[in-house]
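> Quick one, what's the 3D model for this:
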Amino acid sequence: MNSTIRIKLSLMMFLEFFIWGAWFVTLGTYLGVTLKASGSDTGAVFSTQSWGAIIAPFIVGIIADRYFNAEKILAIIHLAGAILLYQAYKAANVDVLYPYILGYMILYMPTLALVNSISFNQMNDPEKEFGKIRMWGTIGWIVAGALISYVFAWDSEKSIAEGLLKNTFLMASIASLVLGLLSFTLPKTPPKVDRNEKIKIGELLGFDALKLLKDKNFAVFFVSAILICIPLAFYYQVAHPYLENSGIANPTVKMTIGQISEALFLLLIPVFFKKYGFKKTILVGMLAWSVRYLLFAFGNGNELAFMLYIGIALHGICYDFFFVSGQIYTNSKAGERYKSSAQGLITLATYGVGMLIGFKVAGMIYDAYKLADGSVDYKMVWIIPAGIAFVVFLIFALLFNDKTKPEPEV
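Residues are numbered from 1 along each chain as shown. Below is the predicted model:
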């Protein structure tokens, strides 16, 4: 890969995740404080991510894989996304905001696969080269948080009160416009599938891999993966408002500690997975969710602020040790025939079904513990997902008996 292509792909990844991090992290606070949205309304807005994940296979599998170059679709999607994010910036209430965010996430979620496809198409050795390109996505997310907290201070108490958090949508809109224009200059990535080949909807959604559920251990993992997404949704939906309410300064950039942790723990996955096997690795990930939420429940923004920072830093273990290990395990069980279908099925089950349920539950719990004076009993809001995660931990520990240690393919 020559240096010009490497720079373009790195910038593509940087902007791809800069855009997401620019508005998604602060969304919970913006909805609750600026737009006065209820927990249920907030859950509905966050669930647009899940609807996007469910619809994404159709866009990528039917359109990108058959009819148009991936870089051109990426360009058109991000140009359209810039318009939708700008409309979200101007939205005066949650009812006006919702359709724009829904439309945006239906467009955005497929781009996560498109940027990977464009990158892989330029690589001779993806296992060695992809990590160096994908790293720029994490950097983009972190830079977005730093701009919000340190450069513009949109997440300060004063700025939030003045409604300046809406500027995050404007920043994301501008970045989306830039990425849309940049995408036209990216290396050509033509369709991989003959447009005349019969479309199999079940294959696009990963339904071909349902045969794997005949294996009891894979079925236990599959159900556990859906259930663990319920507590995961609490983090995305409630963490930023909670940190803001706790008095943590610059909460947006502080939450990027989680992305740094994610990048670091990703390096430990192959070693841990090979030495201890899938079951112990994923159990550590599940238990980390309970520990993290208990730290949130009993910590505060003053003398116990360190508990909140530890909770944020646990994101690497929570995410990598469960989701990345789960992808490796799924890959090892699927075999050559069902590898793509199996990964699609797990994505649909977790980011689609699991998170959809999770955002709904998180909104209901948030509303249930909202007090008469408008404050929230955050201790209970965090104890409940901690309990859910621990129940999933017990279910998996008792029912999953696969002793194999498949070689990691990362």
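
> Not counting residues beside it along the chain, what's closest to Leu264?
Closest residue to Leu264 apart from its sequence neighbours, by Cβ to Cβ, 6 or more residues apart in numbering: Gly316 at 5.9 Å. Where C-beta positions appear, they are placed from N, C-alpha and C, glycine not excepted.

> Go through stretch 270-277 and flag the buried ones.
Buried residues in stretch 270-277, counting neighbours by 16 or more other Cβ atoms under 10 Å, are found at Phe272, Phe273, Gly277.

> and which of these is nearest to Gly28?
For the buried residues of stretch 270-277, the minimum distance to Gly28 (Cβ to Cβ) is 31.5 Å, reached by Phe272.

> is it possible to export the buried residues of stretch 270-277 to CSV including pLDDT, secondary structure and distance to Leu170?
Formatted as CSV, the buried residues of stretch 270-277 follow (pLDDT from 0 to 100; DSSP: H, G, I helix; E, B strand; the rest coil; distance: Cβ to Cβ, whole Å):
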residue, pLDDT, secondary structure, distance to Leu170
Phe272, 82, helix, 42
Phe273, 75, helix, 42
Gly277, 83, helix, 48
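
> From Val284, how far off is the residue nearest to Leu264?
Separation of Gly316 from Val284 (Cβ to Cβ, to the nearest Å): 11 Å.

> Please apply the same query to Phe120.
Taking Cβ to Cβ, one finds Phe120 at 30 Å from Val284.

> quick one on the thing from earlier: who has more neighbours out of Gly316 and Val284?
For Gly316 and Val284, the more surrounded residue by other Cβ atoms under 10 Å is Gly316, and the numbers stand at 24 against 17.

> Does the more buried one touch Leu267 like I think?
No - if you go by Cβ atoms under 8 Å, Gly316 and Leu267 don't touch, sitting 9.8 Å apart.

> Tell me the residues that contact both of these two, please.
Between them, Gly316 and Leu267 have no joint contacts when contacts are counted by Cβ atoms under 8 Å, 6 or more residues apart in numbering.

> ranges for the helices of the stretch 151-300 of the chain?
With DSSP state H, counting those that start in this stretch as the criterion, the stretch 151-300 of the chain has helices at 157-161, 167-183, 201-204, 216-246, 251-254, 257-266, 269-298.

> Switch these over to CSV; also include distance to Ser50.
Below are these laid out as CSV (distance: least, Cβ to Cβ, whole Å):
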stretch, distance to Ser50
helix 157-161, 26
helix 167-183, 20
helix 201-204, 17
helix 216-246, 9
helix 251-254, 23
helix 257-266, 20
helix 269-298, 18
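
> so which of these gets nearest Gly344?
Taking Cβ to Cβ, helix 201-204 is the member of these nearest to Gly344, at 7.1 Å.

> just to revisit the earlier point, which of the helices of the stretch 151-300 of the chain sits closest to Ile365?
The nearest among those, by Cβ to Cβ, is helix 216-246 at 7.7 Å.

> tell me the average confidence for that closest one?
Throughout helix 216-246, pLDDT has a mean value of 94.

> by how many degrees do it and helix 257-266 diverge?
150 degrees (axes from the mean of the first three to the mean of the last three Cα atoms, to 10 degrees).

> how big is the angle separating helix 216-246 from helix 269-298?
Using the same axes, to 10 degrees: helix 216-246 against helix 269-298 is 40 degrees.

> ok, and for helix 216-246, which residues are buried?
Within helix 216-246, the residues scored as buried using 16+ other Cβ under 10 Å are 217-218, 220-246.

> hang on, the earlier thing: for the host helix or strand of the residue nearest to Leu264, enumerate the helices and strands it packs against.
Here Gly316 sits within helix 315-319, counting by DSSP states H and E. Under the contact criterion of 3 or more Cβ pairs under 8 Å, 6 or more residues apart in numbering; DSSP states H and E, helix 315-319 touches helix 216-246, helix 257-266, helix 269-298.

> Generate CSV for these, with distance to Tyr67 as supplementary columns.
Shown next, in CSV, are the helices and strands packed on helix 315-319 (distance: least, Cβ to Cβ, whole Å):
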stretch, distance to Tyr67
helix 216-246, 32
helix 257-266, 34
helix 269-298, 36
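
> average model confidence for stretch 320-336?
When pLDDT is averaged over stretch 320-336, the result is 79.

> Would you mark the buried spots in it?
320-334.

> just stretch 22-40 next, same as before
22-35, 37, 39.
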